[in-house]
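A.B. asks: Show me how the following folds:
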Amino acid sequence: HISGLKLDANEEYEVTITLTQQNKPRWREPADVGEYYIAKTMKFKLATRTNFLPDGTIKSDPSKLLRNGTTAIKWASGYKKNGYTYQWQIEPSGVLEFENDKGPQDRKIRIVVPSSVTEGTEFIFKVTVTDVYGTKDVVTKTLSLNDLPNQGDFNIEPQVGIELNTAYTFSWKNWQDSNTPLSYAVYRVLVDGSYESVGSNSGFSRTLSRRDNKDDAKFVLRVFDKRGDFVDVSKTVQVQQFQGSERDKTNQIDEMTKDILDDASSKAPEEVSGQVLELSG
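C.D. replies: Have a look, this model is predicted:
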């Protein structure tokens, strides 16, 4: 029985115990050789454990799963000892795409939500932590899919016009979301699938050029919530060929270019750079 030791929790100690026995031999008189001692030493390891992973939590940034973009899900613990393994599980399985970012103590995964996942779907994130003795601790967190901006509309008038001559007006209204403020951007969808920025303020007007000798011009209104998640709404208008002289056409191109430059210069620098950032994302 050992008592009186003060040991820290969740630590390992090497203990050495020496046992000593006092002996006095029995000899025939008058010989007397005195007392002698027999000593034996034992060594062993002593581990102290309480709740081996205190304060373990699963945190998400942002607090809901983004449909467009990635959500960082992190295991966070106040316990900073190495030697533990972390296993992530997501239920239902096989739906979300994720990758691990393994740090020295904490573990982080980045979640990508496929477009096939419907709104209102909930996912259970589970972390199983195992110590060097095989003891397991499980922490779970339920996260739902972020609700996208909704109930708004997107209009382009007129539906049919002449290239470099007709002023098309882009407008939208009634968009709602719990994560305000909302922001907007209009893009023209090019033949290769890339997006070309057109404007960001409802009610702006533009003359349009034809692309690839086609009348159809497709535009997308992208509505962003405060988290950066977004929803796209598309409209297609007809841009018919200009019938005037080449000089008239050149003048119209110069005028359209001036309008675009004037609109860009009227925006604050951070607003313009923000549009570029969204495009690159």
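
A.B. asks: If Q176 is in a bridge, with which residues?
C.D. replies: For Q176, the beta-bridge partners under DSSP bridges are N150.

A.B. asks: so where's the stretch 51-200 of the chain uncertain?
C.D. replies: Residues of the stretch 51-200 of the chain that meet the criterion pLDDT under 70 lie in 51-55, 78-83, 100-107.

A.B. asks: how does it look with 90?
C.D. replies: 51-122, 125-140, 143-147, 151, 164-165, 178-179, 191 (pLDDT under 90).

A.B. asks: what about the strands in it?
C.D. replies: 57-61, 70-76, 85-91, 97-102, 107-112, 122-130, 136-144, 153-157, 160-162, 167-173, 183-189, 195-199 (DSSP state E, counting those that start in this stretch).

A.B. asks: For E12, find the nearest of those.
C.D. replies: strand 122-130 (16.9 Å; C-beta to C-beta). In this view, the C-beta of every residue, glycine as well, is placed from N, C-alpha and C.

A.B. asks: Run through who's touching the closest one.
C.D. replies: For strand 122-130, contacts defined as C-beta atoms under 8 Å, 6 or more residues apart in numbering pick out 53, 56, 58, 65, 73, 75, 84-92, 95-96, 107, 136-145.

A.B. asks: now those: which count as buried?
C.D. replies: By neighbour count, with 16 or more other C-beta atoms under 10 Å, the contacts of strand 122-130 hold 53, 56, 58, 65, 73, 75, 84, 86, 88, 90, 96, 107, 137, 139, 143, 145 as buried.

A.B. asks: Same list, the strands of the stretch 51-200 of the chain, but as JSON lines with distance to N213 please.
C.D. replies: JSON lines is the format used below for the strands of the stretch 51-200 of the chain (distance: least, C-beta to C-beta, whole Å):
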{"stretch": "strand 57-61", "distance to N213": "47"}
{"stretch": "strand 70-76", "distance to N213": "39"}
{"stretch": "strand 85-91", "distance to N213": "48"}
{"stretch": "strand 97-102", "distance to N213": "39"}
{"stretch": "strand 107-112", "distance to N213": "38"}
{"stretch": "strand 122-130", "distance to N213": "47"}
{"stretch": "strand 136-144", "distance to N213": "47"}
{"stretch": "strand 153-157", "distance to N213": "21"}
{"stretch": "strand 160-162", "distance to N213": "15"}
{"stretch": "strand 167-173", "distance to N213": "19"}
{"stretch": "strand 183-189", "distance to N213": "16"}
{"stretch": "strand 195-199", "distance to N213": "17"}
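
A.B. asks: Can you check which of those strands gets nearest to I17?
C.D. replies: Here strand 122-130 is closest among these (C-beta to C-beta), at 31.2 Å.

A.B. asks: Widest-spaced pair of the buried ones among the contacts of strand 122-130?
C.D. replies: Y84 and L145, at 30.7 Å, using C-beta to C-beta across the buried ones among the contacts of strand 122-130.
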